[in-house]
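Asks: how does the following fold in three dimensions:
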Amino acid sequence: ASASLPPAAPSPAAAGSGSPATGSSPSASAASASLATAAPPPAPPASNAPAQLSNGIGIKEYMSRLEEVTIKTIAEYGIKGERLEKCTGVWLDINTVAVRKICAMGVRCSEHVTMHGLALNVNTDLSYFARINPCGFTDKGVTSMQKELGFELDMDEVKNVLIQNFCDIFNLQQ
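Replies: Have a look, this model is predicted:
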């Protein structure tokens, strides 16, 4: 389930396995969407200028849009996701002691090529997180859509909703 996109634009491709924190857990129930961009190298930015992606937005804006994709996706299932200051990803109940992460995100940039990813916890086996400090946090929890809603979700349906929201937010066509 991937969208047909113009060259040099971010291309969502859904993958259904991996841990939400690292993408390497044996659990096949976490939803991940890998997003990659490759374009001819632009002229190097002037010193102190923020890095720009090929479509003219900076990396911070790109990450903010990825968070918005996730927030809109989980909202379609009745879950209120939010941004937590200085903590990348999508969070629930940010102003409470029960704050928990539902989507981890990461970005890598090298030689004007960017690789982006997000891991939305859909039907994730959360027991793996009892053995680690997810994303380095010791005072925040981790959750999944299944845990929040109380039932297992159809992974393909969630992927399709996420892809549609990605296309909407980045003004792309499927």
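
Asks: is it fair to say Ile102 lies in a strand?
Replies: Yes. Assessed by DSSP: H, G, I helix; E, B strand; the rest coil, Ile102 belongs to a strand.

Asks: let's number from 23 now, not from 1
Replies: New numbering, starting at 23: the last item is Ile124.

Asks: give the contact list for the nearest residue to Cys125 once chain neighbours are set aside.
Replies: Distance criterion C-beta to C-beta, 6 or more residues apart in numbering; nearest residue to Cys125, sequence neighbours excluded, is Val112 at 3.9 Å. From N, CA and C alone the C-beta is placed, and that goes for glycine too. Residues in contact with Val112, defined by C-beta atoms under 8 Å, 6 or more residues apart in numbering, are Glu89, Thr92, Ile93, Ile96, Gly103, Glu104, Arg105, Lys123, Ile124, Cys125, Met127, Leu142.

Asks: using the three-state scheme, assign Val112.
Replies: Val112 ends up strand, using three-state DSSP.

Asks: out of the contacts of Val112, who's the most crowded?
Replies: Comparing the contacts of Val112 on neighbour count, Cys125 comes out first with 30 neighbours (neighbours: other C-beta atoms under 10 Å).

Asks: list the contacts for it?
Replies: Contacts of Cys125 (C-beta under 8 Å, 6+ apart): Pro42, Glu89, Thr92, Ile96, Gly103, Gly111, Val112, Leu140, Ala141, Leu142, Asn143.

Asks: can you tell me which of the residues you listed are in strands?
Replies: Taking DSSP state E, the ones among these that sit in strands are Gly111, Val112, Leu140, Ala141, Leu142.

Asks: and which of those residues is nearest to Cys157?
Replies: Gly111 (7.2 Å; C-beta to C-beta).

Asks: quick one, what contacts that closest one?
Replies: Taking C-beta under 8 Å, 6+ apart as the test, what Gly111 contacts is Glu89, Lys123, Ile124, Cys125, Ala126, Met127, Leu140, Cys157.
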